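In: sequence plus the predicted model coming up.
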Amino acid sequence: MALISLYNVQDDTKLSFINSPESGMGFQLADVDNNKNMFGGQPRQVIISNCDFILEFESFNNIPLLLDLENFRSKSEKYFQYTKLSIKLNSRYIIPTNLNQNYPPYVYYTEPGEEFIRLSAFKNDKRIGEDGSVIGGTYATTPNDMNVTPSGLAAVGRYALPNRLPAKFVFKITPPPSTPIYFGTVTPNYGLCGGGVEVFFPNPLPEGSAKFITEIPIK
């Protein structure tokens, strides 16, 4: 299915996206209510990529691979008509009843010097500050999982990323000791098999916690 439209997010909206949790590593899924198109049905959904772009597809059942966005003509967000846009938290995991949140199900507290990996389609990843801080509500994975994730497109399949952009930029995250995180396994979604280990940082991480370390092949 084709990418219908690509919108550039305006600065005021971008800030609200940055301050909202991710739905998965590198993307946010949002319900869009549009009074002109609702007809009493379910709101349509869009993908927000790096808080910079809104991607609208014909269907989430068969999203095409997107090696980059350079060949797509983008529009200003002002042409994206909606009455309400609500970012959805992750719902791909089985959640224990004692965790009344849509987060990965296993709670863990980090050890001193423990490292995690974030894969991104953008080197200027909006979840990571210039000072190496990390915004709360950010996803990553483990170094061990990188052994079976050799390329940016492999990451798309393993982490069921609906934005379909190669997640080729690698960031190392070293949180302070005793940082609470959630673990989960990515289940099949968006026509992809999943299977990767995803880590969720519910709280912000201080400056110096993250840095860009390398770029892996696209495929």
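Out: Nice, I can see it. Numbers count the residues shown, from 1 in each chain.
In: can I see the domain layout of the protein?
Out: 3-88, 106-215 (automatic domain parsing).
In: winner for burial among those domains?
Out: Across these, the average number of neighbours (mean count of other Cβ atoms under 10 Å) peaks for domain 106-215, which reaches a mean of 18. (Each C-beta comes from the backbone N, C-alpha and C, glycine too.)
In: end to end, how far does that one reach?
Out: Terminal residues of domain 106-215 lie 29 Å apart, using Cα to Cα, to the nearest Å.
In: average model confidence for it?
Out: If you average the pLDDT over domain 106-215, you get 93.
In: for Ile54, which non-adjacent residue is closest in space?
Out: Nearest non-adjacent residue to Ile54, counting by Cβ to Cβ, 6 or more residues apart in numbering: Tyr7, 4.2 Å away.
In: so in terms of bridging, what pairs with the one you found?
Out: Ile54, Lys75 (DSSP bridges).
In: tell me which stretches of this structure form strands.
Out: 3-8, 27-33, 44-49, 53-57, 75-76, 84-88, 106-109, 116-120, 138-140, 169-173, 180-185, 197-201, 210-215 (DSSP state E).
In: need these in a markdown table with distance to Pro21, can you?
Out: Listed next are the strands of the chain as a markdown table, based on distance: least, Cβ to Cβ, whole Å:
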| stretch | distance to Pro21 |
| --- | --- |
| strand 3-8 | 21 |
| strand 27-33 | 8 |
| strand 44-49 | 12 |
| strand 53-57 | 17 |
| strand 75-76 | 26 |
| strand 84-88 | 7 |
| strand 106-109 | 16 |
| strand 116-120 | 14 |
| strand 138-140 | 8 |
| strand 169-173 | 16 |
| strand 180-185 | 11 |
| strand 197-201 | 8 |
| strand 210-215 | 17 |
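In: that'll do, ta.
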